[in-house]
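Participant: could you work out the structure for the sequence below:
(one chain, ligands or ions: 1)
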Amino acid sequence: MSTVAVIDYGMGNLHSVSKALEKADPARRVLVTADPEQIARAGHVVLPGVGAIRDCMAEIRRLGLEPVIHQVAEQGTPLLGVCVGMQAMMEYSAENDGTRCLGLLPGKVLAFNKAMRDPLSDEPLKIPHMGWNQIYPQVEHPLWQGIANGARFYFVHSYYVEPSEPDLIAASCNYGIPFTCALAKGNVFAVQFHPEKSQHAGIQLYTNFLNWDGSL
Ligand SMILES: NC(=O)CC[C@H](N)C(=O)O
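Facilitator: Now for the predicted structure:
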């Protein structure tokens, strides 16, 4: 039976991600694991994450997981980054006074401007961006199957990715500024929002991911 490995580096909302994956495909074996061999052999891999990038990257490195994450990406296994898991895939994050990340996706992670105001109401915008917001797919992709333009997903973040290759942008969102909320490169897909906290649309995305063979 094909498995989906949820990488456990102690910083992820592992329970809710695992439950959402089980809901997406009750027949799939969900492995929450820090074992590089299990991760390398899995049919699909999720890099979740909640928290500060410095702690996330320190734990990924302390557990010796950086090589297998690169191996999964290079061998063509469908790999999904979620929230700070997406940010960890970039080259560099400005969070925590600057953090070198995995470099799986070209670009950096920047902080929302704390002085941002809503362009319509001119009300100050709270940081972190926390709550439901609409996403706007920018490309045709298997993971957008059955997900409408403007579909709502749940966000909790103070930083956002800025890819150095615009053609990797898979979806955008608006919060004071238009920002990239999904990236796609080959067998790698990454989202800033939390599909596991996004009810039906989130389960649909996880279902699409589990049905994806990593090809376009
Ligand atoms: N919810 C999170 O894990 C946030 C990720 C990252 N620290 C950010 O603020 O963007």
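Participant: okay, now Glu165: neighbour count?
Facilitator: By the criterion of other Cβ atoms under 10 Å, Glu165 has 11 neighbours. Any C-beta I mention is one placed from the backbone N, CA and C, and that applies to glycine too.
Participant: could you tell me the model confidence score at it?
Facilitator: pLDDT for Glu165: 98.
Participant: find the nearest non-adjacent residue to it, please.
Facilitator: Excluding its sequence neighbours, the residue lying closest to Glu165 (Cβ to Cβ, 6 or more residues apart in numbering) is Pro106, at 5.3 Å.
Participant: got it, and Pro178?
Facilitator: Of all residues not flanking Pro178 in the chain, Ser172 sits nearest, at 5.2 Å (Cβ to Cβ, 6+ apart).
Participant: what of Tyr159?
Facilitator: Spatially, and ignoring its direct neighbours in sequence, Tyr159 is nearest to Val109 (4.9 Å; Cβ to Cβ, 6+ apart).
Participant: got the contact list for that neighbour?
Facilitator: 53, 87, 90, 92-95, 101, 159-162 (Cβ atoms under 8 Å, 6 or more residues apart in numbering).
Participant: please redo it, this time with the cut-off set to 7 Å
Facilitator: Neighbouring residues of Val109 by Cβ atoms under 7 Å, 6 or more residues apart in numbering: 53, 87, 90, 93-95, 159-161.
Participant: which of those residues come close to the ligand?
Facilitator: Checking the contacts of Val109 against the ligand by Cβ under 6 Å from any ligand atom, the ones in range are 53, 95, 159.
Participant: out of these, which sit inside helices?
Facilitator: Ile53 (DSSP state H).
Participant: let's have the ones next to the ligand among the contacts of Val109 in JSON lines, adding neighbour count and pLDDT.
Facilitator: JSON lines is the format used below for the ones next to the ligand among the contacts of Val109 (neighbours: other Cβ atoms under 10 Å; pLDDT from 0 to 100):
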{"residue": "Ile53", "neighbour count": "24", "pLDDT": "98"}
{"residue": "Glu95", "neighbour count": "20", "pLDDT": "98"}
{"residue": "Tyr159", "neighbour count": "24", "pLDDT": "98"}
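Participant: and the ones next to the ligand among the contacts of Val109, which is closest to Pro124?
Facilitator: Lowest distance from Pro124 to these (Cβ to Cβ) belongs to Tyr159, with 18.4 Å.
Participant: before we move on, back to that, got the confidence number for the residue nearest to Pro178?
Facilitator: Reported pLDDT at Ser172 in the predicted model: 98.
Participant: shouldn't it be within a strand?
Facilitator: Yes. Counting by DSSP: H, G, I helix; E, B strand; the rest coil, Ser172 falls inside a strand.
Participant: wait, it sits on Tyr136?
Facilitator: Yes. Ser172 is in contact with Tyr136 according to Cβ atoms under 7 Å; the separation is 5.1 Å.
Participant: who's in contact with the residue nearest the centre of the chain?
Facilitator: Compute the mean C-alpha point of the chain, and by Cα atoms, centre = their mean the closest residue is Val82, 2.3 Å away. Listed by Cβ under 7 Å, 6+ apart, the contact set of Val82 reads 17, 46-49, 191, 194-195.
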